[in-house]
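Peer 1: what follows is a predicted structure for the sequence shown.
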Amino acid sequence: MEPPHSLGPTPLISIITPTYNHERYIGSCINSVLDQTYENWEQIIIDDGSTDRTAEAIRNYSDPRVQYVFQKNAGIEALAHTYNRALENCRGPVIAILEGDDTWPPDKLANMVDAFSDPAVVLAYGEMRELNPNGTIAPSAGRVAESRRKLSKAILNNDPVRSAVPYMLTLHGHSLIPASTVMIRRSALGSIGGFQYIPGQCYTDFPTFIRLALQGKFQYFSGVMGYRRMHHVSATAQLPEVMTDRSRRHLSDLLEEPNFSLTAKEREGIERSWRPATAGVRFKQGRLLLLQHKWREARSHFRGAIQTADMRVTIGSLAGWCLSWFHYDLEDLFRKSGRPTWRAD
C-alpha cells in the first residue's frame, strides 16, 4: 500500500463510541473524553437501541463535539455495521475507539497523536488496565500485558509490515491490541473497506486489526492508554464460549488465505496455541456462575477446566470448585492478587 501523507501536528480525531444500555457507565466515558488535554476531537456516540436511560445521560452534555446517533437495535453480531455507520459520521483523518463502558487517561490523545506523523503508521495502541464495575483500577496488569512485555519490537510495532501477523493469529495474540487504546489512520481503514464484518462473529476489532497489519506499521506505547470496564453483563463475559468458537472458525479461514504467507512451522505453532482455549472458557464460565450463586453448575465447569496444561487455570479451577461448596465466589481472591474483579467493591 502506498503510504498516506502526514496529517499535520493537530489533526481532528474522530472517536467512535458504540453503546448499549450503558446508563451506569456512559457518563464516565464521556467525561474521560472531555478531560483530554488534546482538544481537537469529536465523539460520535452510536446507541444500538438502548432500553435504559443511556440517551438521557448523553443528552446531559452540551459540548458540541459530543454527537449522539440512535439506531434500532442491531445486536452484537452486527457490531461491524454499527461501527461503520458511526464511521460515516466521522470527519477526522484519525479514528479512535472508545466503547461506552470504557474510559481513557486524560493525556491519551496528546500522547498518541504524534504516531501518525510517520506516514507508514496505520494503527497506534498502548497498554490497558481493567476497571471493576465501580471504576476502581486493577492494581496490576493482566496476563496479556505480561505477555506483551516479552514480545520483540518487530511484533509490537508490526515493523516490517506483517511482522505481527503470525503472533496475532495465536490465542494470546488475538488480544495483542486492546481496543480501548486504539487509534487508526482513516485512509488505511478505508483501504480495507472499513471495520470488518465476519458473519456470525460477535466483534469487529480483531478482524479489522489483522487486516490493517497487512497495510502498514503499528506504533506501540508502553504506557496505559485506555481502561476497560469489567462487568458480568458485558458481551465478553456473557458469551465466552460463543466468541471463542467463532474466533477459531475465523482463524481456520485466515490460515487458508495466501495473503498471510505463513510457513508450516508458524501454522503448527498457531494451531497448538489454541488447544488450551476450551479450558480457559470453562474457567471463566465457572467464575461467572459463582457470581450468580449457581454453585453446582459452576463446579461442573471447573471440573472441565482442571485438566489443562495451563497451571494458572488448573489452580484457579481447583480454588473455584472448593469455594463453591462453601457458597463463595472467586472475586476476593482476584482482588487480593491485584487482578480485576467482576464484582463491585
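Peer 2: Yep, that arrived. Numbering: from 1, shown residues only.
Peer 1: longest strand in the protein, by number of residues?
Peer 2: strand 217-229 (DSSP state E).
Peer 1: buried set for that one?
Peer 2: In terms of neighbour count (16 or more other C-beta atoms under 10 Å), strand 217-229 has its buried residues at 217, 218, 219, 220, 221, 224, 225, 226, 227, 228, 229. Where C-beta positions appear, they are placed from N, C-alpha and C, glycine not excepted.
Peer 1: over to stretch 328-341?
Peer 2: Within stretch 328-341, judged by 16+ other C-beta under 10 Å, the buried ones are 329, 330, 331, 334, 335, 339, 340, 341.
Peer 1: can you list the low-confidence ranges for the stretch 151-300 of the chain?
Peer 2: 231-245 (pLDDT under 70).
Peer 1: show me where it has helices.
Peer 2: Assigned helices in the stretch 151-300 of the chain, in chain order: 153-156, 165-168, 186-191, 205-212, 235-238, 240-255, 264-273, 277-291, 295-306 (criterion: DSSP state H, counting those that start in this stretch).
Peer 1: hmm, who's touching the first one?
Peer 2: When you say that, I think you mean helix 153-156. 148, 159, 160, 163, 164, 167, 176, 218, 220 (C-beta atoms under 8 Å, 6 or more residues apart in numbering).
Peer 1: the closest residue to residue 132 other than its chain neighbours in helix, strand or coil?
Peer 2: Once flanking residues are discounted, residue 132 sits nearest to residue 341: 5.1 Å by C-beta to C-beta, 6 or more residues apart in numbering. Secondary structure for residue 341, judged by DSSP: H, G, I helix; E, B strand; the rest coil, is coil.
Peer 1: quick one, phi/psi of residue 341?
Peer 2: Backbone geometry at residue 341, expressed as degrees, to the nearest 10, gives phi -130, psi 150.
Peer 1: part of a strand, is residue 123?
Peer 2: Yes. Under three-state DSSP, residue 123 sits within a strand.
Peer 1: from residue 18, how far out is it?
Peer 2: Note on residue 123: its distance to residue 18, by C-beta to C-beta, to the nearest Å, is 18 Å.
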